[in-house]
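Engineer: sequence-free structure coming up:
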Ligand code: C2E
Ligand code: CA
Ligand code: CA
């Protein structure tokens, strides 16, 4: 974890980090009660709890006299931010014992999720204004977005630049392994889009541009391109390894997807059952989109409901969805170890999906305990940082396929358990 007492370093993170400001409001009375020396212990305990909740890639900075800035590295999904903030609140609300005195931390927090192309400094400013809202409304915390405050900082050239990126092959898929829960053997990979940005000399994650793409017509050509790219890679892997590609609901609105998928499978000679299309469960899909999913399934392609549990769909809608798989959202999986309710939700999702004859994938598996628990609950497939992070095709092949091509069996995943 990066820590610094220098305020200038406060915004050291990259764009794409969620920023937060925590303000302690009772410091004067704590100093009066404890004296300067014990007060140091009080602040040390505060920082210890911060460290306990934050991950190693996150950072915090003390801003004297009474604030801390926090950067949550590459977390931009609101459900994950909510989860991290809820953990912080739980930890900070516990009483503090300092040499016989029982005290509490009195605090307000403001967080801001970065908008597209919004700088880290601007996100931090938005976090400050979330903090002000929290103090005004006497709330423990407020989570806002950075876009509202900093629209001017969104790069107006982003979409045209993305169009060019698609043409020049700068948009590529990285691959994240999926293993079966029982034997931890590789079953396939999810393709996740990345932007190899030559001028910025970095690989840009989708959190920084996918919303712009999904809100534009570029989403169709980009998805078609990535489907072809994923199929072209997968056909090199030993059967039955699969590849999953993410599909924004907008892409299903016209009936163009089916011929593109059918042509690509035919062109590369990949069995349809080795292609998985992941559709996020955000709201109900129109009938026309459902019909297209149905025809894709008839072709043999697998349909997966992504981020399951976070959408607004009724159970009857879920029953009628033409899908083969559900992916339990990472926010539930990651909270499983600390929250009974989340554990029950995960167990419930697994049972529900199995009763509907669907396979279950758990995403966001970050430690061995989660993997063991999910196996015990009967989950079919695991995906998450504990198994492997998304990586370039070359790295993926070296890591999991050891450079083997089509004919040979993929390596056993047992090495992970050593
Ligand atoms: P998603 O489809 O839910 O993808 C999973 C995201 O969670 C990925 O982030 C992945 O890197 C991250 N992740 C995986 N395992 C773990 C873990 O154990 N812990 C944590 N903290 N995170 C984990 P990524 O690659 O940044 O993608 C973010 C989202 O962007 C995706 O969420 C998906 O909604 C969207 N996206 C990615 N690629 C595409 C694409 O080709 N097309 C479209 N339309 N959307 C895409
Ligand atoms: Ca996905
Ligand atoms: Ca997901």
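Structural biologist: Sure thing, it's come through. Keep in mind that this is a model prediction, so the values were computed, not measured. Ligands and ions are numbered 1, 2, ... in the order given.

Engineer: Assess the claim that residue 305 and residue 325 are in contact.
Structural biologist: Yes - using Cβ atoms under 8 Å, residue 305 is in contact with residue 325, at 7.1 Å. (C-beta placed from N, C-alpha, C; glycine too.)

Engineer: next one: phi and psi at the residue sitting nearest the centre point of the chain?
Structural biologist: Geometric centre of the chain, nearest residue: residue 77, 5.8 Å, by Cα atoms, centre = their mean. The phi and psi values for residue 77, taken as degrees, to the nearest 10, are phi -80, psi 130.

Engineer: Start and end of stretch 99-107, how far apart?
Structural biologist: End-to-end distance for stretch 99-107: 22 Å, by Cα to Cα, to the nearest Å.

Engineer: typed the wrong thing, it's stretch 253-272
Structural biologist: One end of stretch 253-272 to the other measures 21 Å (Cα to Cα).

Engineer: so where do the strands sit in the stretch 151-300 of the chain?
Structural biologist: 171-180, 186-197, 202-204, 242-247, 275-280 (DSSP state E, counting those that start in this stretch).

Engineer: List the residues that contact residue 207.
Structural biologist: Residue 207 makes contact with 16, 74, 76, 77, 114, according to Cβ atoms under 8 Å, 6 or more residues apart in numbering.

Engineer: For PyMOL, write a command that selects the buried ones of those residues.
Structural biologist: Paste this into PyMOL to select the buried members of these, with burial taken from 16 or more other Cβ atoms under 10 Å:
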select buried, resi 16+74+76+77+114
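
Engineer: Need the contacts of residue 207 in TSV (columns: distance to residue 224).
Structural biologist: Compiled in TSV, the contacts of residue 207 are given as follows (distance: Cβ to Cβ, whole Å):
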residue	distance to residue 224
16	26
74	27
76	25
77	25
114	28
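
Engineer: In JSON lines: the contacts of residue 207, plus distance to ligand 1.
Structural biologist: Compiled in JSON lines, the contacts of residue 207 are given as follows (distance: Cβ to the nearest ligand atom, whole Å):
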{"residue": "16", "distance to ligand 1": "9"}
{"residue": "74", "distance to ligand 1": "7"}
{"residue": "76", "distance to ligand 1": "8"}
{"residue": "77", "distance to ligand 1": "7"}
{"residue": "114", "distance to ligand 1": "13"}
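
Engineer: ok, so of the contacts of residue 207, who is nearest ligand 3?
Structural biologist: residue 77 (8.5 Å; Cβ to the ion).

Engineer: Just to check, residue 214 is in contact with residue 253?
Structural biologist: No - counting by Cβ under 8 Å, residue 214 sits too far from residue 253 to count as a contact (12.0 Å).

Engineer: Looking at these two, which one has more neighbours?
Structural biologist: residue 214 (18 against 15; other Cβ atoms under 10 Å).

Engineer: tell me the contacts of that one?
Structural biologist: 248, 250.

Engineer: What helices and strands are in contact with the helix or strand encompassing residue 362?
Structural biologist: Here residue 362 sits within strand 359-363, counting by DSSP states H and E. Contacts defined by 3 or more Cβ pairs under 8 Å, 6 or more residues apart in numbering; DSSP states H and E place strand 359-363 against strand 325-328, helix 330-335, helix 340-355, strand 381-383.
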